[in-house]
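1. Fold the following and give me the result.
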Amino acid sequence: MRAAITGGAGFLGSHLCELLLEKGWEVLCLDNLVTGSDSNVAHLLQHPKFRFAHQDVSRYIEVPGPLDVVLHFASPASPPDYLKYPIQTLKVGALGTHNSLGLAMAKKARYLLASTSECYGDPQVSPQPESYWGHVNPVGPRGVYDESKRYAEALTMAYHRYHGVDTRIVRIFNTYGPRMRLNDGRALPNFLYQALVGEPITVYGDGKQTRSFCYVSDLLAGIYKLLESNEHEPTNIGNPQEITILEFAERVRKLVGAKTPIVFHSLPQDDPKQRCPDITKAKRILNWEPKVTLEEGLQRTYEYFREKLAQSTPAK
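-> Below you'll find the predicted structure:
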């Protein structure tokens with residue numbers, strides 16, 4: 001089996017490269033390194049079945065030779081990133097999806113789109129089932145990400161219905177683990193980074209908004225099962241254990257043993273009040289549910305961040 005993974009040098013993409021290599025696949029990693037990092041795949045460069053290509057998938061993609069699977073994971077994913085790169089985010093959701101679908105069609109390959117729980121926006125239904133159409137502000141600052149992914153889903157289904165491309169769509173809920181960027185703007189990297197360096201931990205709003213955190217290995221297991229299935233409609237993959245942001249910040253502070261205070265900032269526009277997946281469908285059709293507890297996942301991620309921070313801090 002040979003796979004092309006767009007965004008393969010990102011947090012999730014690099015773990016996916018690793019997983020497929022472990023299963024004996026050949027992997028072509030495509031990334032323009034705008035938010036990805038070559039350090040995420042540096043350990044794979046000597047692998048005989050791995051190849052990296054610097055590629056902006058918003059431009060035409062040419063891949064010599066056969067392909068069995070195309071996995072489209074290219075996109076900024078944290079709010080600071082897609083607010084910094086709004087046009088690129090829209091382009092990779094639109095043009096990148098179009099180009100990667102075209103590649104899958106030309107190669108007669110299976111296709112998997114990495115979509116997002118952000119398709120549900122600031123939901124009025126919780127937990128969010130796949131049948132919920134969402135509550136999204138298309139012209140708000142977050143709309144560049146939300147709408148790019150909603151468009152990507154529509155385009156993927158159009159290619160499936162009109163061209164017969166064998167597609168899958170995964171709606172990914174908050175995921176965490178090693179290789180997240182230090183202080184990348186999402187809750188967990190921010191909290192861990194701030195606690196480790198002794199800065200105040202910043203919570204937006206009153207901290208009563210909820211999130212559901214899925215450890216990366218659980219997410220990848222679900223994605224692989226979806227890829228192997230015959231399901232074409234969107235499927236939620238995430239952890240349904242809901243926690244408030246304030247409680248999460250307190251857990252991180254306790255884990256690190258930090259004495260820094262928690263400070264409150266204004267809630268960003270259109271920030272979701274609740275985020276919790278209904279994974280009934282994934283349980284039923286994939287026989288999948290998360291296994292890693294929040295305590296275990298946080299410990300692993302903390303150890304990674306502590307080591308990463310030590311490497312980036314110059315010796316005195």
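2. Burial check on the closest residue to K49 other than its chain neighbours, number of neighbours?
-> By the measure of C-beta to C-beta, 6 or more residues apart in numbering, the closest residue to K49 outside its immediate chain neighbours is E26, 4.5 Å from it. (C-beta placed from N, C-alpha, C; glycine too.) Taking other C-beta atoms under 10 Å as the criterion, the count of residues near E26 is 19.
3. and E26, how far is that from I61?
-> E26 sits at a distance of 17 Å from I61 (criterion: C-beta to C-beta, to the nearest Å).
4. Q128 now?
-> With distances taken as C-beta to C-beta, Q128 is found 32 Å from I61.
5. follow-up on the earlier one: pretty sure A3 is one of the things the residue nearest to K49 touches, is it not?
-> Yes - under the contact definition of C-beta atoms under 8 Å, E26 touches A3, with a separation of 7.2 Å.
6. what stretches of the stretch 101-250 of the chain score poorly on pLDDT?
-> Applying pLDDT under 70 to the stretch 101-250 of the chain picks out no residues at all.
7. need the helices for the stretch 201-316 of the chain, in chain order.
-> 216-228, 245-256, 280-286, 294-312 (DSSP state H, counting those that start in this stretch).
8. Out of the ones you listed, flag the one nearest V197.
-> Ranking the helices of the stretch 201-316 of the chain by proximity to V197 (C-beta to C-beta) places helix 294-312 first, at 7.2 Å.
9. pLDDT on that closest one, on average?
-> Across helix 294-312, the average pLDDT comes to 93.
10. On the three-state scheme, the residue nearest to T89 when sequence neighbours are not counted is what?
-> Once flanking residues are discounted, T89 sits nearest to Y82: 4.3 Å by C-beta to C-beta, 6+ apart. In three-state terms, and counting by DSSP: H, G, I helix; E, B strand; the rest coil, Y82 is helix.
11. so how far is G143 from Y82?
-> 10 Å.
12. now E18
-> In this view, E18 and G143 are 33 Å apart by C-beta to C-beta.
13. Ok, L220 next?
-> 29 Å.
14. same check, this time on Y111
-> Taken as C-beta to C-beta, the spacing of Y111 relative to G143 amounts to 25 Å.
15. try R179
-> Taking C-beta to C-beta as the criterion, R179 is separated from G143 by 28 Å.
16. Put the alpha carbons of stretch 297-313 into PDB.
-> Only the C-alpha atoms of stretch 297-313 are listed here, as PDB (Å, rounded to 0.1, in the frame of the first residue of the first chain):
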ATOM      1  CA  GLY A 297      -2.600  11.200  28.200                       C
ATOM      2  CA  LEU A 298      -1.700  14.400  30.100                       C
ATOM      3  CA  GLN A 299       1.200  12.700  31.800                       C
ATOM      4  CA  ARG A 300       2.700  11.600  28.400                       C
ATOM      5  CA  THR A 301       2.100  15.000  26.900                       C
ATOM      6  CA  TYR A 302       3.600  16.700  29.900                       C
ATOM      7  CA  GLU A 303       6.800  14.600  29.700                       C
ATOM      8  CA  TYR A 304       7.100  15.500  26.000                       C
ATOM      9  CA  PHE A 305       6.700  19.200  26.600                       C
ATOM     10  CA  ARG A 306       9.100  19.200  29.600                       C
ATOM     11  CA  GLU A 307      11.800  17.500  27.400                       C
ATOM     12  CA  LYS A 308      11.100  19.800  24.400                       C
ATOM     13  CA  LEU A 309      11.300  22.900  26.600                       C
ATOM     14  CA  ALA A 310      14.600  21.700  28.100                       C
ATOM     15  CA  GLN A 311      16.000  21.300  24.600                       C
ATOM     16  CA  SER A 312      15.000  24.800  23.500                       C
ATOM     17  CA  THR A 313      16.300  26.500  26.700                       C
END
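17. Give me the contact list for it.
-> 176-180, 182, 188-189, 192-193, 196-197, 213, 215, 251-252, 255-256 (C-beta atoms under 8 Å, 6 or more residues apart in numbering).
18. ok, which stretches of the chain are strands?
-> When secondary structure is read from DSSP state E, the chain shows strands at 2-6, 26-31, 50-54, 69-72, 110-116, 167-172, 175-176, 201-204, 210-212, 214-215, 234-237, 242-244, 262-265.
19. possible to save the ones you listed as JSON lines with distance to A152?
-> What follows is these, written out as JSON lines (distance: least, C-beta to C-beta, whole Å):
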{"stretch": "strand 2-6", "distance to A152": "12"}
{"stretch": "strand 26-31", "distance to A152": "16"}
{"stretch": "strand 50-54", "distance to A152": "21"}
{"stretch": "strand 69-72", "distance to A152": "8"}
{"stretch": "strand 110-116", "distance to A152": "6"}
{"stretch": "strand 167-172", "distance to A152": "9"}
{"stretch": "strand 175-176", "distance to A152": "18"}
{"stretch": "strand 201-204", "distance to A152": "27"}
{"stretch": "strand 210-212", "distance to A152": "22"}
{"stretch": "strand 214-215", "distance to A152": "21"}
{"stretch": "strand 234-237", "distance to A152": "11"}
{"stretch": "strand 242-244", "distance to A152": "26"}
{"stretch": "strand 262-265", "distance to A152": "31"}
